[in-house]
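A.B. asks: 3D, please:
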Amino acid sequence: MTEALKKRAKQLYQSLRRRERERQRRGVPQALWSNLPKLEMAFTSDELAYWLLRVSCRLRGGGQVWQCPYTKSFLAIAEITIDHVTPLDRGGMTALDNFAVTDPRTNRIKSNLSPEEFKRLRWLVEEFDARAAAGIWKRLAQPPVHKMNELRTAARKRRAG
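C.D. replies: Below you'll find the predicted structure:
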């Protein structure tokens, strides 16, 4: 296992852990956050790294690449993100058997769709002419407006402080 893979697995693990913690805190007053039970993940970052090697890792051009199950595109280690196959808001779990390796753009577009719904969306968009389809994919890949506002606010705070 390469150091790059271990490092990326640790980054992905920390991101998943942070999102799970945010989900745990949702709807709980901030004053009570310290009373929440300690967040226990069902796997470690090392287990995530081994999972990454097992699932869709291929050797290609002298290096390791991963293939997105939705788009079939090949991704380098720095490009991969983890998708919840069954979305969290539809009863999916943060567990290795509910993950797929995707690129950030596809992950953002898929959002909380099931794999079947995402496949139908891809089929529908591809029915448009190439320029229209490209425009639709570009708009779908943009973060939601509320997320963009959060990013702008954070950038302003960094510049001011």
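A.B. asks: Can you list the residue ranges for helices in the chain?
C.D. replies: In the chain, helices defined by DSSP state H lie at 3-25, 45-55, 104-110, 115-126, 130-141, 145-160, listed in chain order.
A.B. asks: Tell me which of those helices sits most buried.
C.D. replies: Among the helices of the chain, ranked by average contacts under mean count of other CB atoms under 10 Å, first place goes to helix 104-110 (a mean of 19). The C-beta positions use only the backbone N, C-alpha and C, and glycine is treated the same way.
A.B. asks: about what we covered before: switch the helices of the chain over to TSV; also include mean pLDDT and distance to M93.
C.D. replies: Shown next, in TSV, are the helices of the chain (pLDDT from 0 to 100; distance: least, CB to CB, whole Å):
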stretch	mean pLDDT	distance to M93
helix 3-25	90	10
helix 45-55	88	14
helix 104-110	90	17
helix 115-126	91	16
helix 130-141	87	26
helix 145-160	73	24
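A.B. asks: so which of the ones you listed comes closest to F74?
C.D. replies: With CB to CB as the criterion, F74 lies closest to helix 104-110 of these, at 12.6 Å.
A.B. asks: between the helices of the chain, which gets nearest to E79?
C.D. replies: Closest among these, once you apply CB to CB, is helix 104-110, at 7.4 Å.
A.B. asks: mind checking how far that closest one is from the chain centre?
C.D. replies: On the basis of CA atoms, centre = their mean, to the nearest Å, helix 104-110 sits 7 Å off its chain's mean C-alpha point.
A.B. asks: Equivalent analysis for stretch 26-39, please.
C.D. replies: Here stretch 26-39 shows a centroid-to-chain-centroid distance of 24 Å under the convention CA atoms, centre = their mean.
A.B. asks: List the neighbours of it that are in contact with it.
C.D. replies: Outside of stretch 26-39, the residues within contact range by CB atoms under 8 Å, 6 or more residues apart in numbering are R17, E20, R21, Q24, R25.
A.B. asks: what about that stretch, how long is it end to end?
C.D. replies: End-to-end distance for stretch 26-39: 14 Å, by CA to CA, to the nearest Å.
A.B. asks: and if you look at stretch 135-154?
C.D. replies: Across stretch 135-154, the terminal residues are separated by 28 Å (CA to CA).
A.B. asks: out of everything not next to it in sequence, what's closest to G63?
C.D. replies: Excluding the flanking residues, the one nearest G63 by CB to CB, 6 or more residues apart in numbering is A76, at 7.3 Å.
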